[in-house]
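1. need coordinates for the following:
(chains A, B and C)
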Amino acid sequence: MGWGILCSMESITKNLTDAQADAVTHIDGPLLIIAGPGSGKTRVVTHRIAHMLHQGVRPYQIAALTFTNKAADEMRMRVNLLAPGQPVWMGTFHRFCAQQLRRYASMVGLNENYSIYDMSDSKSAMKRAIAAAGIATSHTSPEQISSAISKAKNRLITPEIMQQQSGRAGDTVAARVYPVYQQQLLLANAVDFDDLLYHFARLLRENPEVRAELDAKLKYIMVDEYQDTNLAQYAIVRAMSVDHPNLAVTGDPDQSIYGWRGADLNNILDFEKDYPNVKTVRLEQNYRSTPNILAVADQLIRHNRRRKAKELFTENPDGENVILRQYEDGYQEADEIADEIAAQMIAGNAEPRDFAIFCRMNALTRSLEHALRNRGLPYQIVNGQEFYQRKEVKDLLSYLHLINNPAHDVALQRVINTPTRGIGATTIGRLQSFADANRIPMLEAARRANEIDSLSKRAVTMVSRFVTIYDRLRKKATASLEDLLRYLVEETHYVAYLEKTGIEKEDHNPVANVDELISAAVEFDRMHPDDGSLDAFLEQVALVADTDAFEDSNNRVTLMTLHAAKGLEFPRVFVIAVEDDLLPHRRSKEDDQQLEEERRLLFVGITRAKQWCQLSYAKRRSVRGDIRPVIPSMFLNELPRADMTVQEARADNDFFDAVDQEYPESWDIIQEEPDGTAADSGPGVQLDADPFGPDEVFEPGPEPSNPSTVDRLPSASVIPDVYFDDAETPVKKSKAKSKIKAGLQTASEMLDSGRTPLNLYREGSTVRHPEYGEGTITSLVGRGPKKTAKIQFGEETGEQTFRLAFAKLELVD
DNA sequence: GTAAACGGTATTTTT
DNA sequence: TACCGTTTAC
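-> Numbers count the residues shown, from 1 in each chain, chains lettered A, B, ... in the order given. Predicted coordinates:
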């Protein structure tokens, strides 16, 4: 054996449980590993690879397919510890297909330098296809058509078949667009994400010799997260495991959360039928979580019908109860979670990286972000706006794409007038028509601009000028990426353009992003001294997901969606907004299978937690602008109260204390726990006396005002009505309340009744105060009831600070 | 042709 | 609220 360092057989299998060792030592023949959360699955997979190598399997005969780059990186790192330097192929499905397609490009009608359209690219392409197909978007949206076509591709349905099938279904429109869209992609020498799988699956199906070749070459295929495979992926894996059916899949039906993307749970549920001689191993012991957390998760998931029943257990010591927490609203949720994190850190047994906050939708991270930032807590958002999606980055990448693939029409349209060079929509439209008529790429049309009669002389000049710039850039295509990018930025005067047009916002600095992209290029050059091509760089960029951006080396609180959380673990976990219409999501409630998927989503969230976990919901939450009452998620009723602590919302006397706690300048320094009291509203904030007029809605609740006191309510078998009813809440039983229920008046209107709505105050607004007279708002911070303004009055009074919800202010216009 | 201003509308999750 | 497409004013 070529590597002396590799551990002995015993050390590979020692420290493994029987079940784990069973899986690790199974080499030939199909293998199904049902792996519960935290059951050491990655350990098994990596040890199995090491074991196979040890037994003489050649590294290039093994391919391990994952869904995320992060999972692949993790696997690579850990295999490398066990068997250093072995060239086992590990990577995502999409990357695998992309690489194979490079080799066999011509067999599916592509060129080897084909481009991968990202979502926004395919969106533009889709719009163009819809227009070309002559379809009015009055009754459908491009998104719906996209999604129908995407689903078709995931199920390996060709345009022809879709047209035949769509007799009665509402997919007829999509079926008409589909062939047009595919043709345009092919003409642009491009594929979308689905095509990577679709083309490759069809390639295998239609070319037996290619199939046999790959089957023989990759004798041992492993698939991670098998429960998330769709039909295309299933077909690919199957096709490569006919002559050498040494297919090992790992997964957990209870963690299947990608049904909406075409994942078919039957792939894993029926695996044993597909491969009769399969060896099945169940990993049910959990090494990650406390028994309490596991019990809650297990009880929840037992409500699903479509699953393979598992008996999850752990030998970990007992931990704290899972907390079920109610908040008044999303802002309080955000603030108090941030406070809780601060408190736990101050208590000294946690640091930022220990915490993760999960939510159903990206939009929900905003208030959390705000609250964390206010307290100076370091955090990272794992989704937000992906770096590669930002305008300035996309602009430059589009240039690179066009340089690499002159047929990339989407890139051309993005770039031809960026920076602006006098080529407007009309001109672009005419180029497009000419291109369509002659079945040529738009760049080709641009080269032949003088043949296009409809173009004005001026337009022809402008277009030619662009082509000249393009050709100049193209000459640099083989330079290092860094050189190419720098040259590009310089030649197009891109930075000047950004500075001229860019509106620099607080957390958005376009020029810095340009620099960051250049850094990424430098890094790529460094990592690929030999094989570094523009092609490879663009492929790499296209296939990294936002979830891969997660850095556990950063000592930061992590904010992400539940989907992004899969495969990760954190000591302390918050799942926020466990509310009806959100989790389960409104659009998933009608269908049982989708509802079960939502339940799995929460299951995934809870099982990420190692020692501490809180689920929360609010009584009301603002949804795109206005505030609406909330019904807690039905899933909360399914949780066992024995392992939980239920906490009702703290009454909103919180408006007057906890808000303005002082936090350390830097979290390196840990301070004593702040002892906020009702009277202590913190420095710099002035509250008007008695904010409650006769018509006020709020009254102080019965809770103690010391925020460090935690209320532990007795457990209950179901969520008591009190959580969303008025019985013990600070909302008075008044006409105002019934209006909430009837939806006639929003809570924010109630809060602001008889006052100027908070969102009308702007920096620079002139306001009148009964005592101080007129002043100008110099700054605004905070949200909702906590929105605070600094107001500059006359010389005598100077600057004063007010909580807008309570101050007796009037807007002067 | 460009840019700002307006108004309508959608709103999940992501390789 | 935020984005997008459209209109409007230069």
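
2. name the SS class of A:F358, please.
-> Secondary structure assignment for A:F358 (DSSP: H, G, I helix; E, B strand; the rest coil): strand.

3. what do you get for A:V646?
-> Secondary structure, three-state DSSP: A:V646 is strand.

4. pull the number of nearby residues for the residue in the stretch 601-750 of chain A that DNA strand B sits nearest to.
-> Ranked by Cβ to the nearest atom of the strand, the top residue of the stretch 601-750 of chain A for proximity to DNA strand B is A:R624, at 3.9 Å. Glycine gets a C-beta too; all of them are placed from N, C-alpha and C. Neighbouring residues of A:R624 were enumerated by other Cβ atoms under 10 Å; the total is 6.

5. ramachandran angles for it?
-> phi 30, psi 70 (degrees, to the nearest 10).

6. report the contact partners of it.
-> With contacts defined as Cβ atoms under 8 Å, 6 or more residues apart in numbering, A:R624 is in contact with no residue.

7. can you tell me how far it is from DNA strand C?
-> Look at A:R624 and DNA strand C: by Cβ to the nearest atom of the strand, to the nearest Å, they are 4 Å apart.

8. which residues does the closest residue to A:F574 other than its chain neighbours bridge with?
-> Setting aside the residues directly before and after it, A:F574 is nearest to A:I357 in space (Cβ to Cβ, 6 or more residues apart in numbering), at 4.5 Å. Partner residues in beta bridges with A:I357, using DSSP bridges, are A:L559, A:F574.

9. so A:I357 sits against A:I576, correct?
-> Yes - using Cβ atoms under 8 Å, A:I357 makes contact with A:I576 at a distance of 6.2 Å.

10. which neighbours do these two share?
-> Contact criterion Cβ under 8 Å, 6+ apart; residues bridging A:I357 and A:I576 by contacting each: A:337, A:368.

11. any idea where the helices of the stretch 101-250 of chain A begin and end?
-> Along the stretch 101-250 of chain A, the segments classed as helices by DSSP state H, counting those that start in this stretch run A:119-132, A:142-154, A:159-165, A:172-187, A:193-206, A:208-217, A:231-239.

12. work out the gap between the longest one and the centre of the chain.
-> Centroid separation between helix A:172-187 and its chain, computed with Cα atoms, centre = their mean, to the nearest Å, is 28 Å.

13. repeat for the shortest one
-> How far helix A:159-165 lies from its chain's middle: 33 Å, per Cα atoms, centre = their mean.

14. who touches stretch A:112-131?
-> Applying Cβ under 8 Å, 6+ apart, the set of residues contacting stretch A:112-131 from outside is A:98, A:101-103, A:105-106, A:137, A:142, A:145-146, A:149, A:177, A:180-181, A:184-185, A:188-193, A:196, A:388-389, A:394, A:401, A:404-405, A:408-411, A:413, A:432, A:535, A:538-539, A:542-543.

15. what's the local residue count around whatever residue of the stretch 101-250 of chain A ends up closest to DNA strand B?
-> Nearest to DNA strand B in the stretch 101-250 of chain A, going by Cβ to the nearest atom of the strand, is A:F193, at a distance of 4.1 Å. Burial of A:F193, expressed as a neighbour count using other Cβ under 10 Å, amounts to 21.

16. quick check: it vs A:Y117, distance?
-> Using Cβ to Cβ, to the nearest Å, one obtains 8 Å as the distance from A:F193 to A:Y117.

17. how about the contacts made by A:V173?
-> Residues counted as contacts of A:V173 (Cβ under 8 Å, 6+ apart) are A:135, A:139-140, A:145.

18. quick check: closest non-adjacent residue to A:M162.
-> For A:M162, ignoring the flanking residues on the chain, the nearest one in space by Cβ to Cβ, 6+ apart is A:A175 at 4.6 Å.

19. and the one you found, what is it in contact with?
-> A:A175 is in contact with A:159, A:162-163, A:165-166, counting by Cβ under 8 Å, 6+ apart.

20. next, A:Y617: secondary structure please.
-> Judged by three-state DSSP, the three-state class of A:Y617 is strand.

21. correct me if wrong: it contacts A:L636.
-> Yes - taking Cβ under 8 Å as the contact criterion, A:Y617 and A:L636 are neighbours in contact, 7.2 Å apart.

22. please enumerate the shared neighbours of the two.
-> Shared contacts of A:Y617 and A:L636, counting by Cβ under 8 Å, 6+ apart, come down to A:V578.

23. now A:L534. Nearest residue, chain neighbours left out?
-> When the adjacent residues along the chain are set aside, A:L534 lies closest to A:N404, with 4.8 Å between them (Cβ to Cβ, 6+ apart).

24. pretty sure the one you found contacts A:V541?
-> No - using Cβ under 8 Å, A:N404 is not in contact with A:V541, being 11.3 Å away.

25. quick check: neighbours shared by those two?
-> What both A:N404 and A:V541 touch, as defined by Cβ under 8 Å, 6+ apart, is an empty set.

26. re the thing from before, what is the lowest-pLDDT residue among the contacts of A:V173?
-> Minimum pLDDT across the contacts of A:V173 is recorded for A:H139, with 73.

27. ok, it to A:T172 distance?
-> Noted for A:H139: a distance of 11 Å to A:T172, by Cβ to Cβ.

28. the two: which has the busier surroundings?
-> Each of A:H139 and A:T172 has its neighbours counted (other Cβ under 10 Å); A:T172 has more, 16 against 9.

29. tell me the pLDDT at that one?
-> 80.

30. circling back to that earlier point, mind giving me the ChimeraX command for buried ones among the contacts of A:V173?
-> The buried subset of those, as determined by 16 or more other Cβ atoms under 10 Å, is captured in ChimeraX by this line:
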select /A:135,140,145
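
31. widest-spaced pair of the contacts of A:V173?
-> Longest distance between any two of these is 10.8 Å, between A:H139 and A:I145; criterion Cβ to Cβ.

32. for A:E392, what are its contacts?
-> The contact partners of A:E392, by Cβ under 8 Å, 6+ apart, come to A:494, A:498, A:502, A:510-511, A:513-514, A:517.

33. so which bits of chain A are right by DNA strand C?
-> Where chain A comes near DNA strand C, counting by Cβ under 7 Å from any atom of the strand, the residues are A:127, A:366, A:624-625, A:759.

34. can you name the residue of the stretch 351-500 of chain A nearest DNA strand C?
-> Here the stretch 351-500 of chain A gets closest to DNA strand C at one residue, A:R366, 6.9 Å apart by Cβ to the nearest atom of the strand.

35. hang on, the earlier thing: as a markdown table, the helices of the stretch 101-250 of chain A with distance to A:I469 would be great.
-> Rendered in a markdown table, the data for the helices of the stretch 101-250 of chain A read as follows (distance: least, Cβ to Cβ, whole Å):
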| stretch | distance to A:I469 |
| --- | --- |
| helix A:119-132 | 22 |
| helix A:142-154 | 31 |
| helix A:159-165 | 37 |
| helix A:172-187 | 24 |
| helix A:193-206 | 30 |
| helix A:208-217 | 41 |
| helix A:231-239 | 40 |
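
36. so what's the residue count around the closest residue to DNA strand C within the stretch 501-650 of chain A?
-> Among residues of the stretch 501-650 of chain A, the one nearest DNA strand C by Cβ to the nearest atom of the strand turns out to be A:G625. It sits 3.5 Å away. Applying other Cβ under 10 Å, we find 8 other residues in the vicinity of A:G625.

37. per-residue confidence at it?
-> What the model reports as pLDDT for A:G625 is 76.

38. quick check on it: phi, psi?
-> Dihedral angles of A:G625 (phi, psi; degrees, to the nearest 10) stand at phi 100, psi -50.
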